[in-house]
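*Asks:* Test case, fold it:
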Amino acid sequence: MLIIQLVSLSSLLIGFAYVIYSNITVFKEDMKNNAIINATLVGDYCAVPLVFDVSESAVETLGKLQNIPSLEVGIVYNDKNEVFAEYYKNGNKIPISNTPKTSSWNKFENEYLSVSKPIFSDNEFAGTIYLRVSTEELTIKINDYLIKMGILLVVLVIVNYFLATWLQKVLSEPILNLTKATKEISEKGNYNLRVHKQGKDEIGDLVDEYNKMLSQIYVREEALKQRTTELTKTLGDLKQTQEKLVNSEKLAALGQLIAGVAHEINTPLGAIRSSIGNIKKTLHFVINDYPIFINQLPDALRVDFLALMEDSFKNRHMLTSKEERTLKKKIAATFESHNIKNAYSYADTFVDIMVVDNVEKYLTLLQNEDSENILETAYKITGLQRSTENIEFASDRASKVVFALKNSSRINIHEEQVLADVSEGIESILILYNNQIKQGIEVSKVFQKIPKILCYYDELNQVWTNILHNAIYAMDLKGKLTVKTGVENNWVVVSITDSGKGIPEDEIHQIFDPFFSTKPTGEGTGIGLDISKRIIEKHNGKIEVESKPGKTTFSIYLPINNSKELSV
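*Replies:* Got it, this is the predicted structure:
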């Protein structure tokens, strides 16, 4: 409120000072013009007497000056600069220095206005008229005017106070409510809070957008909490599974798997935390600085600024590095062709906020001297959308990992068979191994349409885990992994091929033997493939292997119409 009053009072004082100065100047100019007119008229009447040297006629003319109360002295000089006729108010003669012969002049000095004009007759210089006018009436008029303006100023100051008080309620109170809400959200994390809208102006629109943003954050936070709960439960189930796999190949493979899963989950969670931090920072700017910034923008720039943000909000901020570079070069070239300074820097900002089409319509905004601040503000505001998109993307990614983890680790306590698509189980295991795969393994998936089969789904997932783990280990995290599914006669066939070093011919017949391992001591128990073979045989299926350096293929055959009871 104090700022509003100081600003309005300063503007009022400046305006009053200008008006007073202008009016006093007008008063003086009017007095000067009147004196010049009187001097011109008297000079015209005295031109003939000067030519014919009849001073009595000029004295008579000057005597009429007594009708002008403020006129103190009137003197007519001849062409020799000699006094030809003179008039003194009340007969009191005042010594006057001679005036220039042929020049016109006027000036205020002390308490008088002096005016001098040459007199011509038939374009020939005949003499000079000099008038001296008292400024006493002007001083009285100016003093009276100043008193009136002073009274008016006091009245306006009082009105200004009440207007400022009213404006404080209209403008400051909504901002204070936003600040209070933000503080409460920051302290308590209550994103379900909403700010009351008090008007339909720009601040009212800001409150609406603020409440929408809080709603979106609340929805995403609740979804994140739910996903986190699911993840916590899943991890708990995973721990129970680990306990059951002590001293077995399943525990060894799962131990390595967990590290990758933790990394795959931690990455999106880190992105979410970072985005929430950015949102908090931007909220502070939106509440404290944005209203000032938007109100200070000229109307034309404000339209361009709001259009820029609207264009940004229409697009999703997902581009590859190559796409970003191409767009930056294109936009920078457009700006440079219009002599825009910092063209590449501005192009970088436009790509960041995803305004990449028809950028020419913002040339006026970029040519403004405050263009850097305007673009920086647009970047901050649109950063809310970028952060929410990052949260959404990260949440989806975490959700896929959680789903894959749940899908691959669900345990059928009563060993009930379920109708399932084995391709889904393989996809889940590949997702969980993504941290190892992305380090240098090219994955090729050729999944044909296959029927669902009756099976022990979680046990089959253990088969995919064992074989994929061995394939990744055999390639030292670099190579090509090919996974195929299809139908062959009455079988669902799954083949997993790696480009690793292969299995020696003298050992290939032993790989399904219990406790046989080609891995160094301490890196495997040698029962993983034995367990896998037993699970496949339990499904009345078969497993085969072919190997040579650079290509090892495990083929698993599972019956489609399994009319017999599955082995126990």
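*Asks:* neighbours of Glu488, just the number please.
*Replies:* Using other CB atoms under 10 Å, Glu488 has 10 other residues around it. Every C-beta, even on glycine, is put in place using the N, C-alpha and C of the backbone.
*Asks:* May I have the phi/psi pair for it?
*Replies:* Here is the backbone geometry of Glu488 (degrees, to the nearest 10): phi -140, psi 110.
*Asks:* How about Gly502?
*Replies:* Dihedral angles for Gly502 - degrees, to the nearest 10 - are phi 90, psi 170.
*Asks:* Following element in sequence after the helix-or-strand element of the chain with minimal mean pLDDT, please.
*Replies:* Lowest on mean pLDDT, DSSP states H and E among the helices and strands of the chain sits helix 249-288, with a mean of 62. Per DSSP states H and E, the first helix or strand lying C-terminal to helix 249-288 is helix 290-296.
*Asks:* Name the residues of that following helix that come out as buried.
*Replies:* 290-291, 293-294 (16 or more other CB atoms under 10 Å).
*Asks:* Extract the C-alpha trace of it and format it as CSV.
*Replies:* The C-alpha coordinates for helix 290-296 follow below in CSV (Å, rounded to 0.1, in the frame of the first residue of the first chain):
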residue,chain,number,x,y,z
TYR,A,290,4.9,-12.1,-12.7
PRO,A,291,2.1,-9.7,-11.8
ILE,A,292,4.5,-6.8,-11.8
PHE,A,293,6.1,-7.9,-15.0
ILE,A,294,2.8,-8.4,-16.9
ASN,A,295,1.3,-5.1,-15.7
GLN,A,296,4.4,-3.2,-16.8
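*Asks:* Quick one: list the elements packing against the next helix or strand after that helix.
*Replies:* Note on helix 290-296: by DSSP H and E, the next helix or strand toward the C-terminus is helix 299-314. On a contact count with 3 or more CB pairs under 8 Å, 6 or more residues apart in numbering; DSSP states H and E, helix 299-314 meets helix 363-366, helix 371-409.
*Asks:* among those, which gets the worst mean confidence?
*Replies:* When the helices and strands packed on helix 299-314 are compared on mean pLDDT, helix 371-409 scores lowest, with a mean of 66.
*Asks:* Tabulate the buried residues of helix 290-296 (JSON lines), appending pLDDT and distance to Gly15.
*Replies:* Output for the buried residues of helix 290-296, formatted as JSON lines (pLDDT from 0 to 100; distance: CB to CB, whole Å):
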{"residue": "Tyr290", "pLDDT": "72", "distance to Gly15": "30"}
{"residue": "Pro291", "pLDDT": "81", "distance to Gly15": "26"}
{"residue": "Phe293", "pLDDT": "75", "distance to Gly15": "26"}
{"residue": "Ile294", "pLDDT": "78", "distance to Gly15": "26"}
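*Asks:* Put the alpha carbons of stretch 488-507 into PDB.
*Replies:* What follows is stretch 488-507, C-alpha atoms only, in PDB (Å, rounded to 0.1, in the frame of the first residue of the first chain):
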ATOM      1  CA  GLU A 488       5.500 -74.400 -35.100                       C
ATOM      2  CA  ASN A 489       3.100 -77.200 -35.600                       C
ATOM      3  CA  ASN A 490       1.400 -77.600 -32.200                       C
ATOM      4  CA  TRP A 491       4.100 -75.800 -30.300                       C
ATOM      5  CA  VAL A 492       4.700 -72.200 -29.100                       C
ATOM      6  CA  VAL A 493       8.400 -71.700 -29.800                       C
ATOM      7  CA  VAL A 494      10.600 -69.200 -28.100                       C
ATOM      8  CA  SER A 495      14.200 -68.700 -29.300                       C
ATOM      9  CA  ILE A 496      16.800 -66.600 -27.600                       C
ATOM     10  CA  THR A 497      20.000 -65.900 -29.600                       C
ATOM     11  CA  ASP A 498      23.100 -64.100 -28.400                       C
ATOM     12  CA  SER A 499      26.300 -63.100 -30.200                       C
ATOM     13  CA  GLY A 500      28.600 -64.100 -27.400                       C
ATOM     14  CA  LYS A 501      31.700 -66.300 -27.400                       C
ATOM     15  CA  GLY A 502      29.600 -69.500 -27.500                       C
ATOM     16  CA  ILE A 503      29.800 -72.800 -25.600                       C
ATOM     17  CA  PRO A 504      32.700 -75.200 -26.200                       C
ATOM     18  CA  GLU A 505      31.700 -78.400 -28.000                       C
ATOM     19  CA  ASP A 506      33.000 -80.600 -25.200                       C
ATOM     20  CA  GLU A 507      30.900 -78.800 -22.600                       C
END
